[in-house]
Every structure is written in structure tokens, then in C-alpha cells.
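Undergrad: sequence unavailable; structure follows:
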């Protein structure tokens, strides 16, 4: 089935599919009723919602995601959070790393706890819906992007037969150490697409080292054009155009560029 939002038969990267996955990531911020209704208009007739809550002093209140399925495609999208809510947590260089999926490398402790809390629900939905050889996709924005990347890693390293067909993340923070990043890059060649919008502050956190990004960058410049990589010199100049002294000030370029609406607007411009 093909809708105006998501092509259910796609099996490869395209900017059109990236826009569809961006809209799926944006939908994760909505309430369950809206998600159900929207998924149906997109041609997905089955939906499961995933949510868990945390007790203080964990910096997140909850983790949320949803899985929607048709006869040809399954999409799991993770909800993100406001960049200011991530500031102290992601800026804390003393946060101890945790073992990665199937003991492959290490990941950020907070991301690991957040994914562990919701993983049984996600996995149950995938097992329930994966009944017709459907393609499988993960998507997420901000924190949701980190969880989407790690969910795909966990599924692959624990059960390779269910390796996702694609992972699209938007404004994703750094998630893991170089060992997991290298293994992930190998396993998800032409499957992982990490979009970064110009001066978005969240992809610059947590600090290096010990945390690193996976590759397959798709850089959106200050004019809204999508590039397959960030030119070393030109990219630095481009990012400097919107720089402000305090990246977490409410009106700063680093925060404005992080909003999901900014990613969707840029991808619409590139169609």
C-alpha cells in the first residue's frame, strides 16, 4: 500500500521515505487516540502503545513509543523529550557506561535504562505483528532517536534474523562507545540514517569521549538542504551562521534547530 505519507513497499533509502519516518517520529509525541487515528489514515491497521514510568531521581518521567503494522511494513517510533530536559543528564561526563546489546561495546547508562524499561513491550509487539514477512523500521527524534538506534542494535545482536530494514533518527544524541559504533556501522550499512539539522545541540551530547556517534550522517545545512555528509570546512562555516553564546537559551539556534518541526520542514523542502 502506498499513502501520501509512507510508501509501505519501500525497501531502501530515499528523502521521501525519510520524510515519512520523520512524521512517524513526530507522531510519537501525540496521545494514543491521535496515534491510532493517524496510523489508520496512513494504512496501518494494527497499533500497540508502549509506556513505562520512572521514579525519582531518574531525570526522565517516562519512556513512550508505539508500533504500527500493515501487511507489508512495521514501524516502531520512540518519543523524544525537550532538549533542556536532557541538558544536565547528557552533559554529565561522569555517567558510567553500561554494557551494550549482547555485551557488544558500551552504551550510555540512561539510554540503556530507558530502553530496558520498554523493550519487553516493543518486542512483544514485533513478535505479534511480524506475521507476513513485513519490512521493519525504527524511527525517533532526540532521545527517541537514541532509543531507535539502540533498539535496532539490540534486535540485531540478539536475533539477527530480525535485523531492521532501516533506522531513521533525527537530532539523535551520542549513544555508545567506538566498539559498538563500529559493529553497528558494519551491520547497518545502507540501513542507518542519522539526520542532524545544522546547529542542533543534542547531537553534540553526551561529550566525547567516551560516547560516539554511528556514521551515515545526513546533514541539513542552514538553508535547509540535505547533504550526505558535512563538509569539513564548509560545514563549520555553515554551522557558525546561527551560533549563539548560550546553546540552551530559549531562542538559540541550537535549540530551534532541534525541534522536530524543523526537521520536517527541511525534508519537505527537499522533496
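TA: Cool, the structure landed. What you see is a predicted model, and the numbers here were worked out from it, not measured in a lab.

Undergrad: quick one: residue 227 and residue 191, what's the gap?
TA: Distance of residue 227 to residue 191, given as C-beta to C-beta, to the nearest Å: 19 Å. C-beta: built from backbone N, CA, C; applies to glycine.

Undergrad: of these two, who's got more company?
TA: residue 191 (20 against 14; other C-beta atoms under 10 Å).

Undergrad: where exactly do the helices run in the chain?
TA: Assigned by DSSP state H, the helices in the chain fall at 15-27, 32-41, 83-91, 109-129, 143-158, 178-187, 232-240, 253-256, 260-269.

Undergrad: and for the second one, what's in contact with it?
TA: With contact meaning C-beta atoms under 8 Å, 6 or more residues apart in numbering, helix 32-41 is reached by 3, 5, 27, 28, 30, 47, 49, 66, 68.

Undergrad: now residue 29, nearest residue through space, not along the chain?
TA: Nearest-residue entry for residue 29: residue 79, 5.7 Å, with adjacent residues in sequence omitted and distances by C-beta to C-beta, 6 or more residues apart in numbering.

Undergrad: if we can go back for a sec, any of the contacts of helix 32-41 buried? List them.
TA: With neighbours counted by 16 or more other C-beta atoms under 10 Å, the contacts of helix 32-41 contain buried members at 27, 28, 47, 49, 66, 68.

Undergrad: tell me which of those is nearest to residue 147?
TA: residue 28 (10.1 Å; C-beta to C-beta).

Undergrad: circling back: ok, the residue nearest to residue 29 to residue 252 distance?
TA: 23 Å.

Undergrad: show me the shaky parts of the stretch 151-271 of the chain.
TA: Residues of the stretch 151-271 of the chain meeting the criterion pLDDT under 70: 231-251.

Undergrad: using TSV, please lay out the buried ones among the contacts of helix 32-41 together with distance to residue 36.
TA: Formatted as TSV, these follow (distance: C-beta to C-beta, whole Å):
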residue	distance to residue 36
27	10
28	13
47	5
49	8
66	9
68	9
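
Undergrad: and the nearest residue to residue 76 once chain neighbours are set aside, what does it touch?
TA: Leaving aside its sequence neighbours, residue 76 sits nearest to residue 67 (C-beta to C-beta, 6+ apart; 4.5 Å). Contacts for residue 67 (C-beta under 8 Å, 6+ apart) come out as 47, 48, 50, 74, 75, 76, 122, 125, 126, 129.

Undergrad: thinking again about what came up before, which two from the contacts of helix 32-41 end up farthest apart in space?
TA: Applying C-beta to C-beta across the contacts of helix 32-41, the maximum distance is between 3 and 49, 21.0 Å.

Undergrad: which of the helices of the chain sits closest to residue 205?
TA: Judging the helices of the chain by C-beta to C-beta, what sits closest to residue 205 is helix 83-91, at 3.8 Å.

Undergrad: tally of neighbours for the residue lying closest to residue 17 once chain neighbours are set aside?
TA: The shortest distance from residue 17 to any non-neighbouring residue, by C-beta to C-beta, 6+ apart, is to residue 10 (5.0 Å). By the criterion of other C-beta under 10 Å, residue 10 has 18 neighbours.

Undergrad: got it, and the one 5 residues further on?
TA: Other residues within reach of residue 15 by the criterion other C-beta under 10 Å amount to 16.

Undergrad: residues touching the nearest residue to it once chain neighbours are set aside, list them.
TA: Nearest residue to residue 15, sequence neighbours excluded (C-beta to C-beta, 6+ apart): residue 270, at 5.1 Å. Neighbouring residues of residue 270 by C-beta under 8 Å, 6+ apart: 15, 224, 225, 226.
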